[in-house]
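> please work out how this folds:
(chains A and B)
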Amino acid sequence: MSNRISVQLFGITREIVGSSALTLDLPQPGQVGELLNNLKEHYPALNGLRSLLVAVNGEYAEADQPIHPNDEIALIPPVSGG
Amino acid sequence: MVSITTDPIDMNAAYRYVSTDSAGAITFFFGTVRDSTNERAVERLEYEAYDRMALTKMQEIAAEACRRWDVRKYTIIHRKGNLAIGDIAVLIAVATPHRADAFDACRYLIDTLKQQVPIWKKEIFEDGQVWVDAHP
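Numbers count the residues shown, from 1 in each chain, chains lettered A, B, ... in the order given. Coordinates of the predicted model:
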């Protein structure tokens, strides 16, 4: 039983992955930390960023936060608005 | 009011929006596109936003400013897409009864926006491009 989730990508993470979204399977129950480790393994360039956060349903999430199948997930590289 | 737009930012409309009879002070901050970074000539900027979350975060920091200071009206407008040198990338306006609150709240809003709101800019140079602050 796995947990298929979709991840939105912005800025440099979109360019590293080469797509504005990706779908992946996490072992259930998935957590934010597992997702990050999984992505950093597949896309080593993510390790070179100053920071990399995950947003779950529009809020910054901690590593131990669980991920549910219908959550809106996004990778948040260092922000630079303004 | 907070918004994200691809259209040029209308400062006159923002002024009309924040004008209120109870305000004795209105501060504006304009973040504009600079022509160079570290003495390297910038051709243009590209802004990208996670709209849903960016709007929520902008609303949250505005609510916090209203708790800390006597803000009667405010607006935060961020532009996205392709911007040319001199364009306004962000406009913040705050109306308060007295000037100290207007300056402090405006400063808080731009500083906190730059730290927390999921918006990204890429500097396009003649010979390359860089996502700002992405790498150590």
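
> can you show me the helices along chain B?
If DSSP state H is used as the criterion, the helices of chain B fall at B:11-18, B:51-68, B:99-116.

> all strands for chain A, in order.
Secondary structure of chain A (DSSP state E): strands at A:2-8, A:21-27, A:30-31, A:53-56, A:59-61, A:66-67, A:73-76.

> can I assume residue B:5 is in contact with residue B:80?
Yes. Taking Cβ atoms under 8 Å as the contact criterion, residue B:5 and residue B:80 are neighbours in contact, 7.4 Å apart. C-beta coordinates here come from the backbone N, C-alpha and C atoms, glycine included.

> neighbour count: these two, which is higher?
When neighbours are counted by other Cβ atoms under 10 Å in any protein chain shown, residue B:5 and residue B:80 differ, and residue B:80 comes out ahead with 19 against 13.

> wait, the more buried one touches residue B:4, no?
Yes. In this structure, residue B:80 is within contact of residue B:4 by Cβ under 8 Å, at 5.9 Å.

> got any residues that touch both of the two?
By Cβ atoms under 8 Å, 6 or more residues apart in numbering or on different chains, residue B:80 and residue B:4 have these common neighbours: B:49, B:119.

> so the residue minimising distance to the centre of chain B versus chain A, what's the distance?
Using Cα atoms, centre = their mean, the residue of chain B that lies closest to the mean C-alpha position is residue B:90, 3.0 Å off. Here the criterion is Cβ to the nearest Cβ, to the nearest Å. By it, residue B:90 lies 5 Å from chain A.

> I'd like to know how far that residue sits from residue A:20.
With the distance defined as Cβ to Cβ, to the nearest Å, residue B:90 ends up 23 Å from residue A:20.

> residue B:21 now?
Between residue B:21 and residue A:20 the distance is 46 Å, computed by Cβ to Cβ.

> quick one: which of those two has more around it?
The residue with more neighbours, out of residue B:21 and residue A:20 and counting by other Cβ under 10 Å, is residue A:20; that gives 12 against 6.

> you'd agree that one is up against residue A:14?
Yes. In terms of Cβ under 8 Å, residue A:20 counts as a neighbour of residue A:14; the distance is 5.3 Å.

> near chain A, which residues of chain B?
B:31, B:47-50, B:52-54, B:56, B:78, B:89-90, B:110, B:113-122, B:131-136 (Cβ under 8 Å from any Cβ of the partner chain).
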